[in-house]
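*Asks:* for reference, the sequence and a predicted model appear below.
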Amino acid sequence: VTMTARPGMTADLLTELSAPALRQCGVRLWSIEVSGGNHGVIRVFIEKDGGVTLGDCERVSKVLSAVLDSYDPIPHAYTLEVSSPGAERPLRTMEEWQASLGKAVKVRYRAGSTVDNVTGTLEQVSETSIDISVKAKRGRRMVTIPAADIETIHSTVEL
């Protein structure tokens with residue numbers, strides 16, 4: 001396969017080619033990043049219930065290297081890196097928000113003409129808003145943030 005290495009197209013093709021190998025390894029694709037020119041880097045971020053281990057990354061790297069060698073979708077040299085997206089990853093979709101219910105998150109959102117941050121436990125998610133339980137002077141309080149005002153949500157390990 002010969003193709004022009006346009007990063008978006010390359011990531012889409014790599015996603016398609018890697019799906020069976022990742023399923024075989026018992027992990028899910030979180031994202032693929034393609035960067036660089038004649039000797040680029042392909043970063044594959046994987047996840048699984050219970051967390052990703054170093055062994056998972058090594059196994060996926062070996063299997064994915066064989067797949068990429070077989071299909072040869074990139075017309076130049078590259079380095080393949082496989083890792084977890086980390087404990088403090090961005091939550092990008094409604095499904096990822098739902099999967100984070102009951103977990104610690106940090107939310108950056110517009111509050112009028114300013115931007116604010118709040119860290120707490122994600123208690124409720126809907127198409128129109130989210131509810132975060134945050135520490136208060138006496139116990140906890142609920143903060144409701146309209147979905148339209150949310151700039152970013154990250155999982156976090158700090159509360």
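*Replies:* Yep, that arrived.
*Asks:* what comes up buried for the lowest-mean-pLDDT helix or strand in the chain?
*Replies:* Across the helices and strands of the chain, the lowest-confidence element by mean pLDDT, DSSP states H and E is helix 7-24, at a mean of 81. Applying a neighbour-count criterion of 16 or more other C-beta atoms under 10 Å, one finds 10-11, 13-14, 17-18, 21-22 buried in helix 7-24. No exception for glycine: its C-beta is placed from N, CA and C like everyone else's.
*Asks:* what is it packed up against?
*Replies:* With contacts defined as 3 or more C-beta pairs under 8 Å, 6 or more residues apart in numbering; DSSP states H and E, the secondary structure elements packing on helix 7-24 are strand 28-35, strand 39-47, helix 54-71.
*Asks:* tabulate the CA atom coordinates of it in PDB.
*Replies:* The C-alpha trace of helix 7-24 is given here as PDB (Å, rounded to 0.1, in the frame of the first residue of the first chain):
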ATOM      1  CA  PRO A   7      -1.700  12.600   9.600                       C
ATOM      2  CA  GLY A   8      -5.500  12.300   9.800                       C
ATOM      3  CA  MET A   9      -5.800   9.700   7.100                       C
ATOM      4  CA  THR A  10      -2.800   7.800   8.600                       C
ATOM      5  CA  ALA A  11      -4.400   7.700  12.000                       C
ATOM      6  CA  ASP A  12      -7.700   6.500  10.600                       C
ATOM      7  CA  LEU A  13      -6.000   3.800   8.600                       C
ATOM      8  CA  LEU A  14      -3.900   2.700  11.600                       C
ATOM      9  CA  THR A  15      -7.000   2.600  13.700                       C
ATOM     10  CA  GLU A  16      -8.700   0.300  11.200                       C
ATOM     11  CA  LEU A  17      -5.600  -1.900  10.800                       C
ATOM     12  CA  SER A  18      -4.900  -2.200  14.600                       C
ATOM     13  CA  ALA A  19      -8.500  -3.000  15.800                       C
ATOM     14  CA  PRO A  20      -8.300  -6.800  15.400                       C
ATOM     15  CA  ALA A  21      -4.800  -7.000  17.000                       C
ATOM     16  CA  LEU A  22      -5.900  -4.800  20.000                       C
ATOM     17  CA  ARG A  23      -9.000  -7.000  20.500                       C
ATOM     18  CA  GLN A  24      -6.800 -10.100  20.400                       C
END
